[in-house]
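> Okay, sequence plus prediction incoming.
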Amino acid sequence: MDWFISLEPEDQEFVKQLVLASGSLKQLAKIYQVSYPTVRVRLDRVIQKIKLIEQNKGNSFESKVMQMVIDEKLSLESAKEIITNFKPCGDKSSM
């Protein structure tokens, strides 16, 4: 379960609350006092993070840049440009 350890603490807590709520997003929305769509967006982001961690094991330059896209700190277009122009020579992974 390396993916779980690689998540941010707030995402780990979100996953924990989801399990304790028996997977009910409606219940999770009540716990966090937000709307169902807000919980759904958060869950989708966590899913993206897990997929990225599993795909790249969270260690590559590319995965760190793409994590910034998932966290909405960077646009996808900017991420692609950064990866294309600044990818370390030794990093053989691809997008």
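In hand now; what should we look at? Numbering: from 1, shown residues only.
> Low-confidence ranges, this protein, go.
Applying pLDDT under 70 to the chain flags the ranges 1, 58-59, 88-95.
> what's the single longest helix in it?
Longest helix in the chain, counting residues (DSSP state H): helix 36-56.
> what's the spacing between the residue nearest to residue 87 when sequence neighbours are not counted and residue 5?
Nearest residue to residue 87 in three dimensions, chain neighbours excluded: residue 61, at 5.9 Å (C-beta to C-beta, 6 or more residues apart in numbering). Heads up, the C-betas are built off the backbone N, CA and C, glycines and all. Distance, residue 61 to residue 5, by C-beta to C-beta, to the nearest Å: 20 Å.
> Which of the two has more residues huddled nearby?
The neighbour comparison of residue 61 against residue 5 (other C-beta atoms under 10 Å) goes to residue 61, with 16 against 9.
> Double-check the more buried one against residue 83; I have them as touching.
Yes: using C-beta atoms under 8 Å, residue 61 is in contact with residue 83, at 7.5 Å.
> Many thanks, have a good one.
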